[in-house]
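Asks: Let's see this in three dimensions:
(2 chains)
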Amino acid sequence: GAGVSQSPRYKVAKRGQDVALRCDPISGHVSLFWYQQALGQGPEFLTYFQNEAQLDKSGLPSDRFFAERPEGSVSTLKIQRTQQEDSAVYLCASSQRAGGTEAFFGQGTRLTVV
Amino acid sequence: DAKTTQPPSMDCAEGRAANLPCNHSTISGNEYVYWYRQIHSQGPQYIIHGLKNNETNEMASLIITEDRKSSTLILPHATLRDTAVYYCIVSYRNSGNTPLVFGKGTRLSVIA
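Replies: Numbering: from 1, shown residues only, chains lettered A, B, ... in the order given. Below is the predicted model:
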């Protein structure tokens, strides 16, 4: 596709359930970022991949959050034992360059934990 | 924490220029000024960036003061589709280890 694709678009999870959010970056893009956006706030950085290497995971809020990009393209953000405070929009972005700051964002996955 | 300060909201009449200010008084010499916008229910969209010279592209113009402590994003002829939250971000370019840090941005409402 032409842009960054995220799925599912919406996810409702019961508290305690595990979820997996998928990101398909633009083909050939080296950098991939995950952000979390709470209602009314700006996006907050979670983690950064350069190809398959996870170079920065300093923004992951707890060890319940795990991200991977095993082949340097598609990435999955997994949240274990979801809590209500995990409810947010999860945004994925990719960039052509390593650490690229001109990034293309997907539409996000809106996660609601009930 | 974001290194920028922006007004929380602004209005602009359709067809007029929208001038969005941003203060970044602690910007360092190698940091760029980036602007992104986020239309409702979409992901952020890159608009423009600059270091010290003024920049223009098909979307907007970026005016950076000589001391680099503030900048203005200009949408020359605002349309209803420009209604969005606009984020001013200061960042090293292509550094990876310093990801984009978004603040709360300015909510621009373009009014017919």
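Asks: which residues touch residue A:6?
Replies: Listed by C-beta atoms under 8 Å, 6 or more residues apart in numbering or on different chains, the contact partners of residue A:6 are A:21, A:22, A:23, A:24, A:90, A:91, A:92, A:106, A:107, A:108, A:109. For glycine as for every other residue, the C-beta is placed from the backbone atoms N, C-alpha and C.
Asks: and with 7 Å instead?
Replies: A:21, A:22, A:23, A:92, A:106, A:107, A:108, A:109 (C-beta atoms under 7 Å, 6 or more residues apart in numbering or on different chains).
Asks: Of the residues you listed, just the buried ones, PyMOL syntax please.
Replies: Selecting the buried subset of the contacts of residue A:6 in PyMOL, with 16 or more other C-beta atoms under 10 Å in any protein chain shown as the burial test, is done by:
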select buried, chain A and resi 21+23+92+106+107+108+109
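Asks: Intersect the contacts of residue A:6 with the contacts of chain B.
Replies: Intersecting the contacts of residue A:6 with the contacts of chain B gives A:106, A:107, A:108 (criterion: C-beta under 7 Å from any C-beta of the partner chain).
Asks: ok, the first one touching residue A:91?
Replies: Yes: taking C-beta atoms under 7 Å as the definition, residue A:106 is a contact partner of residue A:91 at 6.4 Å.
Asks: which residues are in contact with both of these two?
Replies: Contacts common to residue A:106 and residue A:91, judged by C-beta under 7 Å, 6+ apart, are residue B:43.
Asks: What values do phi and psi take at the residue lying closest to residue B:55 once chain neighbours are set aside?
Replies: Nearest residue to residue B:55, sequence neighbours excluded (C-beta to C-beta, 6 or more residues apart in numbering or on different chains): residue B:62, at 4.5 Å. Main-chain torsions, residue B:62, degrees, to the nearest 10: phi -120, psi 120.
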